[in-house]
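Undergrad: Any chance you could fold what I've pasted below:
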Amino acid sequence: MESPFRADVLRGKAALITGGGSGIGFEIATQLARHGAQVAIMGRRREVLDKAVAALRSEGLNAVDFDGDVRKQEDAARVVAATVDHFGKLDILINGAAGNFLASPEDVKPKGFRTVLDIDTMGTYTMCYEALKYLKKGGPGRSPSSGGLIINISATLQYTAAWYQIHVCAAKAGVDSITRSLALEWGTDYDIRVNGIAPGPIRGTQGMRTLAPEEMDKGKREMMMPLFKLGEKWDIAMAALYLASDAGKYVNGATIIVDGGLWLSHPRYIPKEVVKVLSNKVSEKEVRNSGAGVPSSKL
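TA: Below is the predicted model of the structure:
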């Protein structure tokens, strides 16, 4: 798909993407690099990182990789510092590392629950904490009046509730809270914008393979969605480009939902044709009662 953004819209920007070796993270890294940014990707699996960077460099894009675990503060500090050493500065931090699995609450052991929180919530905060001194206005390679940008990848499950996802709902609710709090405080003190993106079901991702495997009825799954289709990794990357570009320069503390409206949807219990019939009957009844002197407010 053709990008709606200029090819040089992020020229001169340096970005670090955790979880950038695959899935949504890799697509974000790719699109940022295609639009002029220098990108560093962080992950735990060396073979995944090597493959991702090789793919980016094959397009002539400026990319490096650093292995590290967002749950470990020493890894976070090392990777952020290495990114700045390599590019001379850090403009954009994207927290995309995440963990997930399907399980009923009674089957989620505290250790498993904690692991997801450690990756998603604590990992997000740890990366933000270690990046602060580089992202704040006046930081290395930064002007005294302009801070950088943080984008936290969230989800929509926690906005209501989700079956078999108590651990993720808790973790992503924490991520959203971190986004708002840092947007308020770091936006005020350091001119750092902090925003989030909440993807819905995205085709070809590990999340879809985990949460909606092929064994599920694909037709029923997609009929639940207002736009009747899954999203693409490209859709999430475009949202990241918007936030990273000057088009999003006044957006702070927002989490953009990119899910085709799925989080708003509910099963259609009554067919549309039946609703029309029922509505007409109710209207006729109201007219009769009003004619008999019964106020409509009493119906």
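Undergrad: Which residues are in contact with residue 142?
TA: When contacts are counted by Cβ atoms under 8 Å, 6 or more residues apart in numbering, residue 142 touches 89, 91, 134-136, 148. Heads up, the C-betas are built off the backbone N, CA and C, glycines and all.
Undergrad: Just name the closest of those residues to residue 178, please.
TA: Proximity to residue 178 was ranked across the contacts of residue 142 by Cβ to Cβ; first place goes to residue 135, at 14.6 Å.
Undergrad: In space, what's closest to that closest one - neighbours in sequence excluded?
TA: Closest residue to residue 135 apart from its sequence neighbours, by Cβ to Cβ, 6 or more residues apart in numbering: residue 148 at 3.6 Å.
Undergrad: Can you give the domain ranges for the chain?
TA: 14-267, 270-299 (automatic domain parsing).
Undergrad: Which stretch among these is buried most, on average?
TA: Of the domains of the chain, the one with the most neighbours on average (mean count of other Cβ atoms under 10 Å) is domain 14-267, at a mean of 19.
Undergrad: ok now that domain, how far from the chain's centre?
TA: Its chain's average C-alpha position is 5 Å from that of domain 14-267, according to Cα atoms, centre = their mean, to the nearest Å.
Undergrad: Out of the domains of the chain, point me to the one whose mean pLDDT is lowest.
TA: Mean pLDDT is lowest for domain 270-299 out of the domains of the chain, coming in at a mean of 67.
Undergrad: one step back: can you list the domains of the chain in TSV and add distance to residue 7?
TA: Formatted as TSV, the domains of the chain follow (distance: least, Cβ to Cβ, whole Å):
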stretch	distance to residue 7
domain 14-267	6
domain 270-299	45
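Undergrad: Compare those domains and give me the one nearest residue 5.
TA: domain 14-267 (5.3 Å).
Undergrad: Please give the element, helix or strand, for the nearest residue to residue 90 once chain neighbours are set aside.
TA: Closest residue to residue 90 apart from its sequence neighbours, by Cβ to Cβ, 6+ apart: residue 134 at 4.3 Å. Using DSSP states H and E, residue 134 sits within helix 123-135.
Undergrad: which other helices and strands contact that helix?
TA: strand 14-18, helix 73-87, strand 92-95, strand 149-153, helix 166-190 (3 or more Cβ pairs under 8 Å, 6 or more residues apart in numbering; DSSP states H and E).
Undergrad: Residue 61: which of the ones you listed is closest?
TA: Using Cβ to Cβ, the nearest of these to residue 61 is strand 14-18, at 11.7 Å.
Undergrad: Residues in contact with the helix or strand following the closest one: which ones?
TA: Once the chain leaves strand 14-18, the next helix or strand it forms, by DSSP H and E, is helix 23-34. In this structure, residues lying in contact with helix 23-34 by Cβ under 8 Å, 6+ apart are 3, 7, 10, 13, 15, 17-20, 39, 41, 52, 55-56, 59, 61-63, 92, 94, 96-97, 153, 199, 202, 204-207, 233-234, 236-238, 240-241, 244.
Undergrad: how about 6 Å then?
TA: Applying Cβ atoms under 6 Å, 6 or more residues apart in numbering, the external contacts of helix 23-34 come out as 10, 15, 17, 19-20, 39, 41, 52, 56, 61, 63, 94, 96, 205-206, 233, 236-237, 240-241.
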